[in-house]
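Trainee: coords below, sequence missing:
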């Protein structure tokens, strides 16, 4: 029997296709303009602009595994996630996300794809052996942010608050040092976003949306960078903090505040996570003021600990701005990256992000109290817009914006059910194309 589609539904589907076409045009334009600028010697410092990568088609033993995971999730993910017990959905979702991320990493091979991703000179692991006293590290951290002086931190360490380095120091101290352990930690922890985001949606009264989001979080194209970069862990910390924040128990909400406070010391850009926190609190039906106070208390504890230990976040940020323009940022043209960054985001969040976000924006105009499927994507988009316009995010946003990109995906619940399998296919194909055509850099 033929399926009859109402004119209004048909119009919305047409709008989705238009947005998809605009995304494709944006990515294509960013690639062409980036190639021309690189050919002319403009300092994009991204050989495969708009992505921070180099061109190099290749396959690996992870290729069949990635195709298999994608096929299973596309074929059975949506109906299974809708019917299965909730605990099974979360457990299988995490395992599937781990398998997807690892299989994509293995397309590049064990060394290049995982074990050596975090051992480059610019990475945190190069600094871990130099940390013998955490107190001294925090007290003197800001003094080593600026470049071209004795003892300057490596690029990633200098560009982040000390919490990022301390994370890898902690892994090393518990016996999980080295590139392989650090890479696996990024994968295993980063994959928990496929649990934290749905848990948040369900806690806020959107159980159907929570189940719908799981397959999309599993096949997130950004998994190319979760395996393995520290930004995968950062995304997981932020997502877990938001998930705890929406708990009915104030003590748990305060723990969420602690995690979000810790996030401030993983990346300076996570001050924008406040928008996600506000979306979480606004989505609650009751005790919003109490939750907000509990979360603020948790954040304040973390800020107080780091400040009393000798590291002032605001002073570190001022120095990071100077360090930022001591490097490639001084040459990377804002006029290109301010829009090419969005093309990189499309490749990281996936083609479903644009149509889903547009539906969320449309719903925002129609509802007085929008559901979390609307508030979170809009809050994430606003945070991304501020980060983009600031000029402090020129290139490499495909991994840097992962903590916000995952919160665009709750809006997939607004897409027609009969189209979701096609959108999942688009997500998977995007990840496979990026990983097989390019050698990405963490």
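Mentor: Done, it's in. Computed from a predicted model, the values in this text were never measured in an experiment.
Trainee: how close does the residue nearest the centre of the chain sit to residue 175?
Mentor: For the chain, the residue sitting closest to the mean C-alpha position, by Cα atoms, centre = their mean, is residue 402 at 1.3 Å. From residue 402 across to residue 175, the span is 27 Å (Cβ to Cβ, to the nearest Å). In this view, the C-beta of every residue, glycine as well, is placed from N, C-alpha and C.
Trainee: Return the set of buried residues in the helix or strand that contains residue 35.
Mentor: Using DSSP states H and E, the element containing residue 35 is helix 7-39. For helix 7-39, a neighbour-count test (16 or more other Cβ atoms under 10 Å) marks 12-13, 16, 19-20, 23, 26-27, 30-31, 33-34, 37-38 as buried.
Trainee: what about the closest residue to residue 398 other than its chain neighbours, how many residues close to it?
Mentor: Distance criterion Cβ to Cβ, 6 or more residues apart in numbering; nearest residue to residue 398, sequence neighbours excluded, is residue 348 at 4.1 Å. Residue 348 has 27 neighbours, counted by other Cβ atoms under 10 Å.
Trainee: and the regular element (helix or strand) spanning residue 348, what does it pack onto?
Mentor: According to DSSP H and E, residue 348 maps onto helix 334-349. Where contact means 3 or more Cβ pairs under 8 Å, 6 or more residues apart in numbering; DSSP states H and E, helix 334-349 is packed against helix 7-39, helix 353-366, helix 372-390, helix 397-400, helix 402-405.
Trainee: what's next to that helix, contact-wise?
Mentor: 23, 26-27, 29-31, 33-34, 37, 42, 44, 49-51, 220-222, 224-225, 353-354, 384, 388-389, 391, 393-395, 397-399, 401-402, 405-406, 408-409, 430, 434 (Cβ atoms under 8 Å, 6 or more residues apart in numbering).
Trainee: Now list the buried members of the residues you listed.
Mentor: 23, 26-27, 30-31, 33-34, 37, 42, 44, 49-51, 220-222, 224-225, 353-354, 384, 388, 393-395, 397-399, 401-402, 405-406, 408-409, 430, 434.
Trainee: quick check, residue 205 in a strand?
Mentor: No - looking at residue 205 with DSSP: H, G, I helix; E, B strand; the rest coil, it is coil, so not inside a strand.
Trainee: Any chance you could list what contacts the helix or strand where residue 157 lies?
Mentor: According to DSSP H and E, residue 157 maps onto helix 155-158. Contacts of helix 155-158 with the rest of the structure, by Cβ under 8 Å, 6+ apart, involve 122-124, 127, 144-147, 152, 164-165, 230, 320, 323, 327.
Trainee: can you tell me which two in those are farthest apart?
Mentor: Largest separation among those by Cβ to Cβ: 146 and 230, giving 21.5 Å.
Trainee: who has more neighbours, those two?
Mentor: Higher neighbour count among residue 146 and residue 230: residue 230, with 26 against 15, using other Cβ under 10 Å.
Trainee: so the more buried one touches residue 124, yeah?
Mentor: Yes - with contact defined as Cβ atoms under 8 Å, residue 230 reaches residue 124; the gap is 6.5 Å.
Trainee: shared neighbours of the two, anything?
Mentor: Shared contacts of residue 230 and residue 124, defined by Cβ under 8 Å, 6+ apart, comprise 118, 156, 164, 167-168.
Trainee: Looking at those residues, which are in helices?
Mentor: Taking DSSP state H as the definition of helices, those contribute 156, 164, 167-168.
Trainee: among the residues you listed, who's most crowded?
Mentor: residue 168 (24 neighbours).
Trainee: what's the pLDDT at that one?
Mentor: Listed pLDDT for residue 168 reads 96.
Trainee: Next, work out how far apart the nearest residue to it once chain neighbours are set aside and residue 155 are.
Mentor: Distances taken as Cβ to Cβ, 6+ apart put residue 124 closest to residue 168, at 4.6 Å, once the chain neighbours are dropped. Remark: distance between residue 124 and residue 155 (Cβ to Cβ) = 10 Å.
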